[in-house]
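1. need a 3D model of the sequence below.
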Amino acid sequence: MSKLSKRLSIIADLVDSNTICDVGCDHGKLVKYLLDEKKIKFAYVSDISMQSLKKAINLLANHESNFEAICCDGLKGYKDKLIDECVISGMGGEQIIDIIKSSPISIQKFILSPQHNIIKTKKFMLENNYNITFDIIIKDKNKFYNVFKCEKTQNKVKLNEYQLIFGKDNFTNLISDIDEYVIFELNKLYAIKHQTKNSDLNYKIDIFEKAKKERKL
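-> Predicted coordinates:
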């Protein structure tokens, strides 16, 4: 059984479909775990780098009949594939948005973990009729990650800035590292403001101060 990082473990726990794809799969550790644990029946793994994809293929050798590897840019090589759920993590938000925009297939569920442009990615998903059904911030190897799951819905869901930043599960989920994240971001914001005298940061500082007060930090 492959050992997963905290971030990949949370992503694995969120998977609830038979057929998934892991875009930008890197070494294929997530899919190996899901197949080992029989959480999924079949997986597509893809990467724009054939070198990375070969590592995933080697790692998944014992599951030869339960996966297919596709070397492609984003989802562009998935035409005519039937995917229940798509995982995209470890990329920038802009790149994730471009991948979903240019997808040749419709996918009902996404599990996303952008490296940056997180709020922009969430807004894009909401504007395209996806509801954010799970949203958490965790710390893994001294870095904070936002992991959220989106599911296709009939109606557009609107969230305010506070909800977009802190998600719906951070204040109730014991796995969340929200308290440490709030203090870390506040310290960073105050440091930037002190150095740059940028009053435009006040709005975001107020949002994090509100979270700090709610969490009684």
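2. CA only for contacts and neighbour counts going forward, please
-> Fine.
3. what about the longest helix in this structure?
-> When the chain is parsed with DSSP state H, its longest helix is helix 178-196.
4. which segments of this protein make up each domain?
-> By the assignment in automatic domain parsing, the chain contains the domains 6-170, 179-215.
5. most packed of the ones you listed?
-> Across the domains of the chain, averaging neighbours per residue (mean count of other CA atoms under 10 Å) puts domain 6-170 on top, at a mean of 18.
6. report the rounded mean pLDDT for it.
-> The pLDDT scores in domain 6-170 average 96.
7. start and end of it, how far apart?
-> One end of domain 6-170 to the other measures 15 Å (CA to CA, to the nearest Å).
8. contacting residues for residue 145?
-> Going by CA atoms under 8 Å, 6 or more residues apart in numbering, residue 145 touches 7, 113, 114, 115, 137, 138, 139.
9. next, it: secondary structure please.
-> Following DSSP: H, G, I helix; E, B strand; the rest coil, the label given to residue 145 is strand.
10. give me the beta-bridge partners of it?
-> residue 138 (DSSP bridges).
11. what about it, distance to residue 162?
-> Computed with CA to CA, the distance linking residue 145 and residue 162 is 17 Å.
12. same thing with residue 90?
-> 24 Å.
13. and for residue 116?
-> Taking CA to CA, one finds residue 116 at 17 Å from residue 162.
14. the longest helix of the chain: how far from the chain's middle?
-> In this view, helix 178-196 has its centroid 23 Å away from the chain centroid, taken as CA atoms, centre = their mean, to the nearest Å.
15. now the element after it, going C-ward?
-> Using DSSP states H and E, the helix or strand that follows helix 178-196 in sequence is helix 202-215.
16. now that following helix, how far from the centre of its chain.
-> With CA atoms, centre = their mean, you get 24 Å for helix 202-215.
17. cool, and stretch 117-132?
-> Once both centres are worked out by CA atoms, centre = their mean, stretch 117-132 turns out to sit 12 Å from its chain's centre.
18. and stretch 91-106, by the same measure?
-> Worked out by CA atoms, centre = their mean, stretch 91-106 lies 12 Å from the chain centre.
19. same check on stretch 27-46?
-> 17 Å.
20. just the C-alpha atoms of that stretch, please, in CSV.
-> Extracted in CSV, the C-alpha atoms of stretch 27-46 (Å, rounded to 0.1, in the frame of the first residue of the first chain):
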residue,chain,number,x,y,z
HIS,A,27,4.1,9.6,-10.0
GLY,A,28,0.6,8.1,-9.8
LYS,A,29,0.6,7.7,-6.0
LEU,A,30,-3.0,8.8,-5.5
VAL,A,31,-4.4,6.4,-8.1
LYS,A,32,-2.3,3.5,-6.7
TYR,A,33,-3.7,4.1,-3.3
LEU,A,34,-7.3,4.2,-4.6
LEU,A,35,-6.9,1.0,-6.6
ASP,A,36,-5.1,-0.8,-3.7
GLU,A,37,-7.9,0.2,-1.4
LYS,A,38,-10.6,-0.7,-4.0
LYS,A,39,-12.1,2.7,-3.7
ILE,A,40,-12.4,3.0,-7.5
LYS,A,41,-12.8,0.5,-10.3
PHE,A,42,-10.9,2.3,-13.0
ALA,A,43,-8.6,5.3,-13.4
TYR,A,44,-7.2,7.4,-16.2
VAL,A,45,-3.8,9.0,-15.4
SER,A,46,-2.4,11.7,-17.5
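21. all set now, cheers.
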